[in-house]
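Novice: based on what follows, work out the 3D shape:
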Amino acid sequence: MKILQNRHGDLAGARRFTECVQLIQACFFSGHQHSLFFNYLANVYHRDTFRNVMPEAFVNLCHRNKINS
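Specialist: Below is the predicted model of the structure:
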């Protein structure tokens, strides 16, 4: 923040800093939303494919099913 304040002045530097933080926050939020979307696709649309590839115990753990013992 100090570097931006030295380059652009106190108020403009602080504003630029908050814009950078908001951009970083938006990138993380967008990445999280993409992750949720891909998990949704894997668990809803391609449910059989997901179950056929993964071991049964791991599928039960992912779907929080009771493990038969």
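Novice: which regions of the chain sit below the pLDDT cut-off?
Specialist: Where the chain drops to pLDDT under 70, the residues are 46-54, 65-69.
Novice: do that again at 80, thanks
Specialist: Applying pLDDT under 80 to the chain flags residues 2, 42-69.
Novice: just list what the strand or helix carrying Ile3 packs against, helices and strands only.
Specialist: Assigned by DSSP states H and E, Ile3 belongs to helix 2-8. Other helices and strands packing on helix 2-8, by 3 or more C-beta pairs under 8 Å, 6 or more residues apart in numbering; DSSP states H and E, are helix 10-40. To be clear about C-beta, it is placed using only N, CA and C from the backbone, and glycine gets the same treatment.
Novice: what count of nearby residues applies to Ala14?
Specialist: The number of residues packed near Ala14 is 14, by other C-beta atoms under 10 Å.
Novice: please shift the residue numbers so they start at 391 in all later answers.
Specialist: Sure, I'll start counting at 391 from here, so that last one is Ala404.
Novice: surely it meets Gln395?
Specialist: Yes: counting by C-beta atoms under 8 Å, Ala404 does reach Gln395; the two are 6.5 Å apart.
Novice: now the residue nearest the centre of the chain: how far from Leu413?
Specialist: Most central in the chain under C-alpha atoms, centre = their mean is His422, positioned 1.8 Å from the mean C-alpha point. To Leu413, His422 is 15 Å away according to C-beta to C-beta, to the nearest Å.
Novice: give me the number of residues near Arg406?
Specialist: Close neighbours of Arg406, defined as other C-beta under 10 Å, add up to 17.
Novice: that one - nearest residue in space that isn't next to it in sequence?
Specialist: What sits nearest to Arg406 in space, not counting adjacent residues and going by C-beta to C-beta, 6 or more residues apart in numbering, is Leu394, at 4.8 Å.
Novice: chain center to stretch 415-426, what's the gap?
Specialist: Averaging C-alpha positions (C-alpha atoms, centre = their mean, to the nearest Å) puts stretch 415-426 4 Å from its chain's average.
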